[in-house]
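**Student:** curious how this folds, go ahead:
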Amino acid sequence: MMQSQNTPASNAARARRTPLFWVLLAFTVCVAAFLIVPVILSVLTGLTNNQFVGLSSGLTFKWVAKVWTDYQSSLWLSMGIAIACLACTLVLGVPAAYVLSRTQGRLARTIEELLMLPVALPGLATGLALIVTYGAVGEFRTHWTFVLVGHVLFTLPFMVRSVLAVLLSVDMHTLEEGARSLGASFYQRFFGVVLPNCRSGILAGALMVLTLSIGEFNMTLLLHTPLTQTLPVGLADAYASLRIEVGSAYTIVFFMMIVPLLIALQLAGAKKVSP
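**Tutor:** The predicted structure is shown next:
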């Protein structure tokens, strides 16, 4: 039977665990429980026959099935907008990050800060600005692309910052000069040197854009119409209904979509920082 060995490193780690460490650990566990317990209770409510009776009334999937039946269009619309938003941020954000990484000076920093304005401003303010500016342009106001424009404005800074951080951490100038000396054109250098070296930033930015677009509510609440209701807006509508079980079941459907993306985002971030 193998016995655990007390290495100097493990003994030193245990020696550093002062009473303050255990106090902070207990505080962290309490905060985590404070945040997670309501989520667990909400999920259980969505699987309960009658919320007022509690779990003793039995478990059921009928509320989840009702959400899938009544709000299926919102689910697919949110997925479509999120994928379209990802495509737009890739086309716009990756070249923008490349230009900012190659340009030094006050102008580049000013442009970078301006890109962050939609994040700094309240979503309702950005949505109101879009309505005032483009709300009277034909049928654009009632089309799902109107919501897409708002999502692109909100998520583009995250793609730019994610890719820019990777580009600034790599000596891209030397790599490009080496490819140029071998006769590579600009397109060959961009697609063969730049993009492969910032792949981790593109992946992390892409997953962030998807999760943010699917969960965006403030701006979408102002931009949407009855025909362009997204998943978070439908969630608010479900919670405003008379049955709390329907809203909680909507939360379960939302988690089934967003949690895998969040896990992928964490894995991408861990891979990005790993040596």
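
**Student:** am I right that Val259 is in a helix?
**Tutor:** Yes: under DSSP: H, G, I helix; E, B strand; the rest coil, Val259 sits within a helix.

**Student:** that one - how many residues pack around it?
**Tutor:** By other Cβ atoms under 10 Å, 11 other residues sit near Val259. No exception for glycine: its C-beta is placed from N, CA and C like everyone else's.

**Student:** after the least confident helix or strand in the chain by mean pLDDT, which helix or strand is next?
**Tutor:** Lowest on mean pLDDT, DSSP states H and E among the helices and strands of the chain sits helix 8-15, with a mean of 55. Per DSSP states H and E, the first helix or strand lying C-terminal to helix 8-15 is helix 19-46.

**Student:** by contact count, what packs against that next one?
**Tutor:** helix 244-273 (3 or more Cβ pairs under 8 Å, 6 or more residues apart in numbering; DSSP states H and E).

**Student:** now find how far off-centre the helix it packs on is within its chain.
**Tutor:** 9 Å (Cα atoms, centre = their mean, to the nearest Å).

**Student:** okay, the angle between that helix and helix 19-46?
**Tutor:** 140 degrees (axes from the mean of the first three to the mean of the last three Cα atoms, to 10 degrees).

**Student:** so who does the closest residue to Val43 other than its chain neighbours touch?
**Tutor:** Once flanking residues are discounted, Val43 sits nearest to Ile252: 5.6 Å by Cβ to Cβ, 6 or more residues apart in numbering. For Ile252, the contact set (Cβ atoms under 8 Å, 6 or more residues apart in numbering) comprises 43, 46-47, 64, 67.

**Student:** show me the shaky parts of the stretch 1-150 of the chain.
**Tutor:** For the stretch 1-150 of the chain, the stretches with pLDDT under 70 are 1-16.

**Student:** give me that answer again for 90
**Tutor:** In the predicted model of the stretch 1-150 of the chain, residues 1-25, 32-33, 35-76, 79, 98-129, 133-142 satisfy pLDDT under 90.

**Student:** what ranges does it have for its helices?
**Tutor:** Taking DSSP state H, counting those that start in this stretch as the test, the helices found in the stretch 1-150 of the chain are 8-15, 19-46, 62-70, 72-102, 106-115, 117-120, 123-134, 144-169.

**Student:** list the helices and strands the last one packs on?
**Tutor:** Taking 3+ Cβ pairs under 8 Å, 6+ apart as the contact definition, the neighbouring helices and strands of helix 144-169 are helix 72-102, helix 106-115, helix 117-120, helix 123-134, helix 199-215, helix 218-223.
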